[in-house]
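**Student:** Turn this into a model:
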Amino acid sequence: MIKHLEVSVQTFYRWHNQFGGMKADDAKRLKELEAENQRLKRIVADQALNIAALNEVSRGNW
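**Tutor:** Numbers count the residues shown, from 1 in each chain. Okay, here's the model as predicted:
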């Protein structure tokens, strides 16, 4: 199977550990949720930076 997929043994076992008992739809949904989570984390980080910058400006420390 690994030779058919043309992936390394390490890659195959990493996939197996991550997606072992999942169906294809479940794995696809997991990837979508992970991508959404990363997007939301970026938004939160940007908002935190904006708040910190506004706090500095309001204190006159710029």
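
**Student:** Show the average pLDDT along the longest helix seen in the chain.
**Tutor:** Counting residues, the longest helix found in the chain (DSSP state H) is helix 24-59. Averaging pLDDT along helix 24-59 gives 95.

**Student:** Got the confidence number for His16?
**Tutor:** 84.

**Student:** In terms of helices and strands, where is it?
**Tutor:** helix 9-19 (DSSP states H and E).

**Student:** Which neighbouring elements make contact with that helix?
**Tutor:** helix 2-5 (3 or more Cβ pairs under 8 Å, 6 or more residues apart in numbering; DSSP states H and E). Bear in mind the C-beta positions are built from the backbone N, C-alpha and C, glycine included.

**Student:** residues in contact with the helix it packs on?
**Tutor:** Outside helix 2-5, the residues that touch it by Cβ atoms under 8 Å, 6 or more residues apart in numbering are Ser8, Val9, Phe12.

**Student:** quick one: contacts for the second one?
**Tutor:** Going back to what we said before, that points to Val9. Applying Cβ under 8 Å, 6+ apart, the residues near Val9 are Ile2.

**Student:** mind checking the end-to-end distance for stretch 10-28?
**Tutor:** 21 Å (Cα to Cα, to the nearest Å).

**Student:** The chain should start at 8 in everything you say after this.
**Tutor:** Yes, from this point I'll number from 8; that puts the last item at stretch 17-35.
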